[in-house]
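K.L.:
Here's a sequence, model it:
(chains A, B and C)
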Amino acid sequence: MRESDMTTERLHHATRAQRIGEPVLSVEGVSLAFGGVKALTEVSFDVREHEIRAIIGPNGAGKSSMLNVLNGVYHPQEGTIRLRDGTDWREFHDMDSHEAAAMGIARTFQNIALFKGMTVLDNVMTGRNLKMRCSFLEQALWLGRARREELAHRRAVEEVIDFLEIQHVRKTPVGRLPYGLQKRVELARALAAEPRLLLLDEPMAGMNLEEKQDMCRFILDVNDHYGTTIVLIEHDMGVVMDISDRVVVLDYGRKIGDGTPGEVRANQAVIDAYLGVAH
Amino acid sequence: MALSFFIEVLLGGLLAGVMYALVAIGFVLIYKASGVFNFAQGAMVFFAALTFVSLVERGVNFWLALVITLAVMVVLGVATEKVVLRPLVNQPPITLFMATIGLTFVLEGLSQLVWGSQPHGLELGIQDVPMEWLSQSANINISQFDVFAALVAGILVAALALFFQYTRIGRALRAVADDHQAALAVGIPLKNIWAIVWAVAGFVALVAGLMWGARNGVQYALTFIALKALPVLILGGFESIPGAIVGGLIVGASEKLAEVYLPQYLNAPLTQFFGGAVNLQGIESWFAYVVALLFLLVRPQGLFGEKIIDRV
Amino acid sequence: MLYREAGQFKSTYAEDQQIFPIRQDRIGVLLFIAFAFVGVPLVANQYWFAAILTPFLIFSLAALGLNILTGYAGQLSLGTAAFMAVGAFMAYNFELRIPGMPILVSFALAGLCAALVGIVFGLPSLRIKGFYLAVATLACQFFVLWALQRFGWFSNYSSSGVITAGTIEIFGYRFETAAQKYLLTLAIVSVMALAAKNLMRSETGRAFMAVRDMDVAAEVIGIPMMKTKLLAFAISSFYCGVAGALYAFCYLGTVEPEAFNLDLSFRILFMIIIGGVGTILGSFLGAAFITLLPIFLNVLFGGISSFFQVEISHAWLSNIELIIFGGLIVFFLIVEPHGLARLWQIGKEKLRLWPFPH
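P.N.:
Just a heads-up that it's a prediction; the model follows:
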C-alpha cells in the first residue's frame, strides 16, 4: 500500500480504538477433536465489540475449525462459547448453525458457499430469511403484508448491494461472476442478515493485489459504517497487520499468541511457528 | 411342520435374493467405475434375455446364440458409453441418472420393436422343481433351479473377483473406481476403461437375463427387476459387490417372509380394526423398499458404503 | 422491433418485482389468457377439449407440483403419480361420503390429504439425498398404489378398485360438457400457477433453491432444513393431489389405482426435464410437448402409412414412441439441459434484437 493509504489506515485505527467496547464473545477452553486428530486444544480468547479480530497461524493450525465452532458447524468436546446479549451472557455447549444464525452470527466461507442457481439479488435476499415473517400462504397469495415485507427487505438488501458496489451484477446468476465478485456477494449475503458478529474465512484468498485492497476497504467500511464486530482468518500478513485491532495466533490447535498486531509480530513463539522451527 | 415350512420360505427368499443380487452387481460395476447410476440395467437384462431367446427360437444353436447376444450386449454397452455418457461427462449425477432413464425407454422400445412383444419361455435345462433329496428327507421344497441360479451367481462373483484382482484390466478398473484423476495420472485410458466396464455390465446383464428369463419367462415385466435391485443397492451400498450379495439376501429373505407370513397373521386383525376387508396380499410390491428406506434412515450409506461427509 | 424494452424504466422495486416486467409480455399474456378462456371454447371441438386441452392442463399442474419439489427444491421424486392417486381417490371419497360437500372444497381437501402423504414420505429427505431419496419416493409410489388397491374403503368396496367420479356442481351450475370441464380446469390451474409463481419468487422459493444448491450453507445462514424440505413436499404433493382429483373428475371420469402407476410418474418427470427443470413455464411447455407428441406421431405415421400403403401396427407405433421419448430425453439432456423454457428465453432474446442479427 502507498504511504498515504497507510496513514489513512493508522488514522482509522485511532478513531476505531475509541469505539471498541467490552468483550462480546468469549471462547473458553475449547477443545475439538475428530476421531484421533486434535484440531483445537484448550483455546481461549475474547472478542470485543466493534473490533476486528484476526485469527492467524500456519496451515493446519485449526483456524477454520475455530471459526466453524464459533458458528455451530462443529461442536467442541470441551469448553464453552459465551455470547453477550445486551448485559446478559448466554452460554453455549452445543449450539447448532441455525441457532448461531438466529443469534446474529453470520459468516463467509473459504470456498464460497453461494447458491449458484440464483442471481446475486436472490442470494443476498436469502441472507434476510430470518427476518421474514410471512407464511408461505401469504406469499402465495401475494397479499398486502407479504408484498410489503418483500419490498421492505428488498430495500434493505439494495442498500447492502450499493454499499458493496455490486449493483451492476445484481441480476446475474452468481455462477457466472468472477471469483472476486463472488466473494463480495457472499459478504453481502452475510451483511444482509445485519449480524452482530461477522466471521470471515479467508476473505482475500485467491485475490490479486487490487482485489485485496478493495476487500480491505470494504471490510473496514463495514466495521466503520455498521459497527459490526468482525473475526477473520487471513494468511496475508500485510492485510492482517493493517486492518486488525487484535490478533489470535494458533499453531497445532493451541493458542500461542494474543494481542495487538505489533505485540504478536514481536512474539518469539509466533516467529518460530511461522519459520517452522521445531517446537 | 411349521419349522420346515419356515426354512423353506427362508431359503426360497434367500435364493430369490441371490437373483436380485445378480442384477444389482451390474449396477455396482458401472457405478463403481464411472459414478453413473445406470437405471437402464433392467432394460439391458430384458434386452439380453429377449435377444438370446429370439435367436434360439429362430433355430440358432444355444451356444452360438449366447456368443452373439454377448457380442450385441458389448456393442450396446460401448455405444451407450459413447453416445449417451460421454457428452454428459461433466454434468451432475442427477442428469446422468435421468439420461439412463431415457436410455431405458429407448431399450425397451427397441427390444420389442426388433423382437416383438410376446412373452417367451427360456429353457436352460434345469427344471423349476423341488430338489428330491431335500423334500424327501426334511420335507423342505427348494427349487432346483433356484439353487442352480445361486451357483451361477457364485461363479460369476468369483470370476469377477478374480478378474479384478489378477488381471491388468481388472486392476485398471479398480484404479478408475477409486480415483479418476489418479488413474489418468498413471496413464490409464479412462474412456477405454469405461467402455470395458459397460461391456462387462452388459455381460452381467446377460447372465441375469438368462436366469430371470428361465425363471419367470422373458416378458416386459422383466424390466421391473431393475427396480427391485434398488433396495438391494441401498442396503449393500452402491459400490460393493459383496454388499450387493448381502443386500440381495436380506431383501429376498425379508420380502419372502413378509409375503408369506404377514397376510396370514395380520389380515384378520386389520380387517377387524378397519371394519372392512383388508387383504395384505401383494405386500411384496413395496415391502423391500420400505425396509431399505428404514435402513437408510439409520445408516444413509448402506451396509458397506462409505460415510458421506459434506464439507462447506 | 416490436419487442423492445426501450423506454420502460422501473422506478420502484414493486415494478421491478413484477412477474412480467416487460410491457409486451404483459400484453401478450393477457391476450393469451383471454384466448384461453374465451377464444378456445369458440373454436375447439369436443375431441380437442377431452383428449388434448384438459389433460394438458392437468399434467401441467402435476408437472408444476413436481417442478416445485425436484426443480426448485432439488428433492428428486419418482412418486408423483402416487400423490395424484391420493388426490383422486380422496376427492372421490369426500364427495361420496359427505353429502352436499362443495366440489372445490373436496378438491382442496384431497390436495391436503396428498400433502400429508407427501410430508410422511418426505421425512426421509431429512437424512437422505439424491437418488437414495428417489428410492424413498419409489417406496411411496408402490405403497400408495398397493394401499388403494387393498383397502377397499378407498374405492367404496368395488371389486375392481375402480371409482367413478360424480357430477360436478358449483352453486347449482353443472359442469358436464367437455368444454365446461375444460374451463373449470383452466380456472383452477391458472390460479394455482399464479400462486406457484408468487411462491417461488418470494422467500419460500429462495429457501427451496438454497436447499437445492447447497443445503449445508443454507442451514448455516439460518434456513430451517426440516421445515423447508417438508414444506416443499407438502406443497408439491398438494398440487399433484389436486391434479389427480381433476384427472378423475374432469378428464377420465373413471379411474383405477393402476392408472397412477410408475409409468405416469416417469412421464411427469420427463415433462419437467424436457420443459425446463426449475421453471414455471417449463412445466407447461413440457406437458404440452409430452401430451402432443403421441398425437403428432400418430398423425405422422398415419400419413406415412397411407402414403406408402404400408401397414403400421399399433404395437409398432407405441414402441417407436418409447424410443423417441427416450431419445428426446437424452437429446435434451445433452443439448439443452435447461429444457424448452431456456429455448423460449433464448428465442425472446433474439426477438429483442430482431430484425438485427446482434
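
K.L.:
Neighbours of the residue of the stretch 1-150 of chain C found nearest chain A, how many?
P.N.:
Residue of the stretch 1-150 of chain C nearest chain A, by CB to the nearest CB: C:Tyr13 (4.7 Å). No exception for glycine: its C-beta is placed from N, CA and C like everyone else's. C:Tyr13 has 15 neighbouring residues, counting by other CB atoms under 10 Å in any protein chain shown.

K.L.:
Help me confirm that it comes into contact with A:Glu159.
P.N.:
No - contact status for C:Tyr13 versus A:Glu159: not in contact, 11.8 Å apart, counting by CB atoms under 8 Å.

K.L.:
Helices along the stretch 151-279 of chain A, start to end?
P.N.:
Secondary structure of the stretch 151-279 of chain A (DSSP state H, counting those that start in this stretch): helices at A:179-192, A:209-225, A:237-243, A:261-266, A:268-275.

K.L.:
nearest residue to A:Gln167 other than its sequence neighbours?
P.N.:
Distance criterion CB to CB, 6 or more residues apart in numbering or on different chains; nearest residue to A:Gln167, sequence neighbours excluded, is A:Ile161 at 5.6 Å.

K.L.:
so what's that neighbour up against?
P.N.:
Neighbouring residues of A:Ile161 by CB atoms under 8 Å, 6 or more residues apart in numbering or on different chains: A:120-121, A:124, A:167, A:170, A:188.

K.L.:
between the residues you listed, which has the most around it?
P.N.:
The most crowded member of the contacts of A:Ile161 is A:Val124, carrying 31 neighbours; neighbours defined as other CB under 10 Å.

K.L.:
Tell me how far the helix or strand where that one lies lies from the chain's centre.
P.N.:
Element membership of A:Val124 [criterion: DSSP states H and E] is helix A:120-126. Computed by CA atoms, centre = their mean, to the nearest Å, the chain-centroid distance of helix A:120-126 equals 18 Å.

K.L.:
tell me which strands and helices that helix is in contact with?
P.N.:
helix A:144-163, helix A:179-192, helix C:203-220 (3 or more CB pairs under 8 Å, 6 or more residues apart in numbering or on different chains; DSSP states H and E).

K.L.:
and the stretch 101-250 of chain C, which residues reach chain A?
P.N.:
Counting by CB under 8 Å from any CB of the partner chain, the positions of the stretch 101-250 of chain C adjacent to chain A are C:195-196, C:198-199, C:202-204, C:206-207, C:209-210, C:212-214, C:216-225, C:231, C:235.

K.L.:
let's go with 6 Å and repeat that
P.N.:
Residues of the stretch 101-250 of chain C lying close to chain A by CB under 6 Å from any CB of the partner chain are C:195, C:198-199, C:202-204, C:206, C:209-210, C:213-214, C:217, C:219-223.

K.L.:
which residues sit against the strand or helix carrying B:Leu107?
P.N.:
B:Leu107 is part of helix B:93-115, with elements assigned from DSSP H and E. Residues from elsewhere that reach helix B:93-115, judged by CB atoms under 6 Å, 6 or more residues apart in numbering or on different chains: B:36-40, B:43, B:46-47, B:50, B:54, B:84, B:88, B:223, C:131, C:273, C:319, C:322-323, C:325-327, C:329-330, C:333.

K.L.:
Now do it: distance to the chain's middle.
P.N.:
Remark: helix B:93-115 is offset 16 Å from the chain centroid, using CA atoms, centre = their mean.

K.L.:
swap in stretch A:65-73?
P.N.:
11 Å.

K.L.:
Using CSV, write down the CA coordinates of it.
P.N.:
As requested, the backbone C-alpha atoms of stretch A:65-73 are provided in CSV (Å, rounded to 0.1, in the frame of the first residue of the first chain):
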residue,chain,number,x,y,z
SER,A,65,-12.1,-25.3,12.8
MET,A,66,-12.2,-22.4,15.3
LEU,A,67,-14.5,-20.5,13.0
ASN,A,68,-16.7,-23.5,12.5
VAL,A,69,-17.0,-23.9,16.2
LEU,A,70,-18.0,-20.3,16.6
ASN,A,71,-20.9,-20.6,14.3
GLY,A,72,-22.1,-24.0,15.3
VAL,A,73,-20.9,-26.2,12.4
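
K.L.:
Give me the contact list for it.
P.N.:
A:30, A:32, A:39-40, A:55, A:74, A:76, A:95-97, A:100, A:105, A:107, A:199, A:201.

K.L.:
give me the subset of these touching chain C.
P.N.:
Near chain C, taking CB under 6 Å from any CB as the test, the members of the contacts of stretch A:65-73 found are A:Ser97.

K.L.:
Pull the residues that contact the helix or strand that contains B:Ala183.
P.N.:
Using DSSP H and E, B:Ala183 sits within helix B:180-185. Residues outside helix B:180-185 that contact it (CB under 6 Å, 6+ apart): B:175-176, B:190.
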